[in-house]
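Asks: Quick one, what's the 3D model for this:
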Amino acid sequence: MKKVRLRGGSEPPSDGIVSGIARVDRRTKTLLARLQPGEIAVISHRDIDRIAAEGLVQRQAGAVVNAECSSTGRYPNLGPMLLCSAGVTVLDEVGPDIMSVAEGERLLIEGERVYRTEGSARVEIARGRVLDLVEAEEALDHSKQAIAAELERFAANTIGFIKDERDLLLEATRLPAVTTDFDGRHVLVVVRGYDYKEDLRALRAYIRELRPLLVGVDGGADALVDFGYKPDLIIGDMDSVTTETLLSGAELVVHAYQGGVAPGYERLETMGLECTKFESAGTSEDIAMLLAYERGAELIVAVGTHTNLIEFMDKGRKGGASTFLVRLRVGSILVDAKGVSRLYRGRVRRGDILLLLAAALVTMVIVIALSETLRLELALWWIRIQNAIS
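Replies: The predicted structure follows:
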């Protein structure tokens with residue numbers, strides 16, 4: 001058998017064999033918190049989105065074994081291409097049985113086959129399709145041609161759901177009762193979306209000077225903590241927020257979906273943390289913005305929120321009724337920070353530096369010329385230097 005090595009970098013294995021500990025989870029964002037460099041991510045993620053792919057690359061996944069199809073062609077999702085570009089081995093459409101692999105079990109991937117290693121022996125447990133960069137790029141190009149039909153379906157679903165979700169726009173009294181005081185304050189709502197890290201970095205001066213209320217939406221709360229900030233309020237299903245962030249002292253609002261299903265509520269109860277449970281058909285980021293608006297915020301600055309079709313499809317949303325309605329309501333005080341990091345990057349030109357140095361030199365010459373004391377001091381130093389040389 002060929003030599004097997006554990007991968008921890010971005011270079012693809014030259015021998016086509018990857019070995020590593022398996023981390024198994026149907027929710028990729030939940031798995032990322034446990035994934036260590038070189039380990040194999042076993043997921044069930046149809047149409048891998050950009051955020052999930054970036055997380056897998058950053059965590060240095062040795063390989064990705066996907067029970068589902070990583071790109072169905074419904075819309076142009078960037079995830080598969082990002083993974084392949086980073087040199088991560090992607091085994092696609094392995095089938096649902098792969099999800100029965102035990103967490104921490106050592107797997108070996110050779111070509112399209114997945115093996116369980118038992119000592120020196122190995123047992124084949126699944127087969128899939130190896131996804132390469134060329135195929136990922138072709139799938140992306142093909143899916144771009146189908147975007148018009150997907151946009152039409154998305155718009156139809158949005159209109160269909162508006163009647164069901166109109167309560168978000170018309171019944172603000174149903175919003176959760178929170179102790180956080182929004183009245184007259186700027187509110188920064190942070191979502192774990194596209195370019196959220198870059199935009200947060202660009203807003204450092206704004207946060208430092210105006211000290212807005214910091215609202216983290218699920219993983220957005222972790223982003224605030226990573227940047228050295230303490231969130232004032234965290235809202236979401238709480239299943240992907242780290243324990244450290246939950247214990248930061250922020251007020252907690254658990255988002256329950258229709259029917260009262262709240263994945264993270266039991267977790268908070270187990271931890272002994274007080275929280276408010278709120279049921280809504282909208283997204284957590286919609287609730288956060290509407291809550292800030294109805295509680296008297298002066299300005300809402302949104303970071304990482306979802307604003308276009310691709311982002312909604314990545315999120316698994318078939319329509320955007322709640323977001324459409326909420327933005328209609330809060331639009332007068334809403335500032336979307338998406339892409340602010342790419343709008344302008346300050347640069348110090350070489351000519352400016354030379355001009356500054358010249359101005360300083362001229363100023364020094366003028367001061368010396370006008371000060372008899374300084375002229376005498378310089379003359380004295382010059383005599384001392386000549387004496388030392390001679």
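Asks: hey, let's count contacts and neighbours off CA atoms from now on
Replies: Noted.
Asks: Show the contacting residues for Val215.
Replies: The contact partners of Val215, by Cα atoms under 8 Å, 6 or more residues apart in numbering, come to Val187, Leu188, Val189, Val190, Ala221, Pro231, Asp232, Leu233, Ile234, Ile235, Ala288.
Asks: Narrow those residues to those in strands?
Replies: Members of the contacts of Val215 lying in strands (criterion: DSSP state E): Val187, Leu188, Val189, Val190, Leu233, Ile234, Ile235.
Asks: Might one say that the last one is in contact with Val217?
Replies: So that's Ile235. Yes: between Ile235 and Val217 there is a contact at 5.1 Å, judged by Cα atoms under 8 Å.
Asks: who has more neighbours, these two?
Replies: Ranked by neighbour count (other Cα atoms under 10 Å), Ile235 and Val217 place Val217 first, with 30 against 27.
Asks: Val65 and Arg129, how far apart?
Replies: Note on Val65: its distance to Arg129, by Cα to Cα, to the nearest Å, is 10 Å.
Asks: for Ile159, same thing?
Replies: The gap separating Ile159 from Arg129 is 38 Å, by Cα to Cα.
Asks: likewise Asp92?
Replies: Per Cα to Cα, Asp92 is found 5 Å from Arg129.
Asks: Looking at those two, which is more packed in?
Replies: More crowded of Asp92 and Arg129, by other Cα under 10 Å: Asp92, with 24 against 16.
Asks: Check that one and give its pLDDT.
Replies: We note a pLDDT of 94 for Asp92 in this prediction.
Asks: backbone phi and psi for it, please?
Replies: Torsion angles at Asp92 (phi, psi; degrees, to the nearest 10) stand at phi -100, psi 150.
Asks: same deal with Gly272?
Replies: Residue torsions, per degrees, to the nearest 10, at Gly272 are phi 70, psi 30.
Asks: how many neighbours does Thr72 have?
Replies: Neighbour count for Thr72, taken as other Cα under 10 Å: 15.
Asks: Shouldn't it be within a helix?
Replies: No: counting by DSSP: H, G, I helix; E, B strand; the rest coil, Thr72 is not found in a helix; it is coil.
Asks: Would you agree it is in contact with Ile48?
Replies: No: Thr72 is not in contact with Ile48 according to Cα under 8 Å; the separation is 9.5 Å.
Asks: Show me what the longest helix seen in the chain is packed up against.
Replies: Assignment by DSSP state H gives helix 350-370 as the longest helix of the chain. Here helix 350-370 touches helix 372-389, going by 3 or more Cα pairs under 8 Å, 6 or more residues apart in numbering; DSSP states H and E.
Asks: Grab the nearest non-local neighbour of the residue sitting nearest the centre point of the chain.
Replies: The centroid of the chain falls nearest to Arg192 when counting by Cα atoms, centre = their mean (3.7 Å). Take Arg192 and drop its neighbours on the chain: the residue closest to it by Cα to Cα, 6 or more residues apart in numbering is Gly220, 4.6 Å away.
Asks: Going by neighbour count, which residues in the helix or strand where Ala53 lies are buried?
Replies: Taking DSSP states H and E as the criterion, Ala53 maps to helix 50-58. Buried positions in helix 50-58, judged by neighbour count with 16 or more other Cα atoms under 10 Å: Arg50, Ile51, Ala52, Ala53, Glu54, Gly55, Leu56, Val57.
Asks: Now the first one: closest residue in space that isn't a chain neighbour?
Replies: Just to be clear, that refers to Arg50. Gly79 is the one closest to Arg50 (Cα to Cα, 6+ apart), at 4.4 Å.
Asks: The one you found: what's it in contact with?
Replies: Contacts of Gly79 by Cα under 8 Å, 6+ apart are Asp47, Ile48, Asp49, Arg50, Ile51, Ala52, Ala53, Glu54, Ser70.
Asks: hmm, back to that, and the residue nearest to Arg192, what is it in contact with?
Replies: Applying Cα under 8 Å, 6+ apart, one finds that Gly220 lies in contact with Val190, Val191, Arg192.
Asks: mind checking how far the last one is from Pro212?
Replies: Between Arg192 and Pro212 the distance is 18 Å, computed by Cα to Cα.
Asks: Need the CA coordinates for stretch 69-77. CSV is fine.
Replies: Provided in CSV are the C-alpha atoms of stretch 69-77 (Å, rounded to 0.1, in the frame of the first residue of the first chain):
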residue,chain,number,x,y,z
CYS,A,69,-24.2,17.0,-4.1
SER,A,70,-21.9,20.0,-3.5
SER,A,71,-23.3,21.9,-6.5
THR,A,72,-26.7,20.9,-7.9
GLY,A,73,-26.7,23.7,-10.5
ARG,A,74,-29.7,25.5,-9.1
TYR,A,75,-27.6,28.7,-8.5
PRO,A,76,-24.0,29.7,-8.7
ASN,A,77,-22.6,28.7,-5.3
